[in-house]
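>>> No letters, just coordinates:
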């Protein structure tokens, strides 16, 4: 079974866990059973949605840990806490929760991996296989288990990939992991290939401040 955790696509066509990376478009992710919304949302069940529905803004929450300049700590409506760039707007779809840049070219997606008995690495491997089959110009840049990274959950994996979409080539970094609450999450950052490694910076900040909740 292919399980995708890919982010890619334009606003309305993102690739993540078998869904669209921006929560709006088709994502490069797993089959209908497990969705990974590339740049549009996280792994979710069901088919990818082309346009994520707008949702009320999450409430900012104070924290002893202050995000870097240009980022804000956010307590999401789904219960988790994360840090995202200032000025990015929140949307939500079957593919997960999305924080989108004002220009609609970049995003951060958060979703829960629903497939039982699958590891984060297997989920990302499935997402990459799905990307090869369904994303124009798809190229897997790297796929590996995460080891030796301070603060990273022991059960973590990361996929970096690129693909072509209307508007230009897109590059995505997708991290899947088992959180302290026992749930498996996927968080990905997508944006224009020319912006790299900005996607990795955004993902790093999001992961550093991520705290699971009653998603």
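Arrived safely. In this text, all values refer to a predicted model and were calculated from it rather than measured experimentally. Numbering: from 1, shown residues only.

>>> tell me the helices in the protein, going along the chain?
120-134, 198-209 (DSSP state H).

>>> Deepest-packed of these, please.
helix 120-134 (a mean of 24; mean count of other C-beta atoms under 10 Å). Backbone N, C-alpha and C define where each C-beta goes, glycine included.

>>> Can you tell me the closest non-neighbouring residue to residue 100?
residue 107 (4.7 Å; C-beta to C-beta, 6 or more residues apart in numbering).

>>> Which parts of this protein are strands?
53-54, 59-60, 71-75, 81-85, 89-93, 96-100, 107-112, 139-145, 156-165, 168-178, 184-192 (DSSP state E).

>>> Give me whichever of the ones you listed is most buried.
By mean count of other C-beta under 10 Å, the strands of the chain have strand 107-112 as the most buried, with a mean of 31.

>>> Okay, residue 81 and residue 179: tell me how far apart.
12 Å (C-beta to C-beta, to the nearest Å).

>>> between the two, what contacts are shared?
residue 210 (C-beta atoms under 8 Å, 6 or more residues apart in numbering).

>>> any chance of the helices of the chain in TSV, plus distance to residue 151?
Below are those laid out as TSV (distance: least, C-beta to C-beta, whole Å):
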stretch	distance to residue 151
helix 120-134	16
helix 198-209	7
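
>>> looking at those, which is closest to residue 157?
helix 120-134 (3.9 Å; C-beta to C-beta).

>>> and the angle from the closest one to strand 156-165?
Orientation note: helix 120-134 sits at an angle of 10 degrees relative to strand 156-165 (axes from the mean of the first three to the mean of the last three C-alpha atoms, to 10 degrees).

>>> who does helix 120-134 touch, helix- and strand-wise?
Under the contact definition 3 or more C-beta pairs under 8 Å, 6 or more residues apart in numbering; DSSP states H and E, helix 120-134 sits against strand 139-145, strand 156-165, strand 168-178, strand 184-192.

>>> Below-threshold pLDDT in the chain: ranges please.
Residue ranges of the chain with pLDDT under 70: 1-64, 214-215.

>>> hmm, back to that, pretty sure the residue nearest to residue 100 contacts residue 192?
No - in this structure, residue 107 is not within contact of residue 192 by C-beta atoms under 8 Å, at 11.4 Å.

>>> about what we covered before: let's have the strands of the chain in TSV, adding distance to residue 210.
Shown next, in TSV, are the strands of the chain (distance: least, C-beta to C-beta, whole Å):
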stretch	distance to residue 210
strand 53-54	23
strand 59-60	15
strand 71-75	10
strand 81-85	5
strand 89-93	15
strand 96-100	12
strand 107-112	8
strand 139-145	19
strand 156-165	12
strand 168-178	9
strand 184-192	7
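
>>> among these, which is nearest residue 125?
strand 139-145 (6.3 Å).

>>> Parallel or antiparallel, which strands does that closest one pair with?
Sheet pairing for strand 139-145, assigned by DSSP bridges, gives strand 156-165 (antiparallel).

>>> Please name the bridge partners of the residue nearest to residue 100.
residue 100, residue 190.

>>> cool, residue 172 as well?
residue 161, residue 190.
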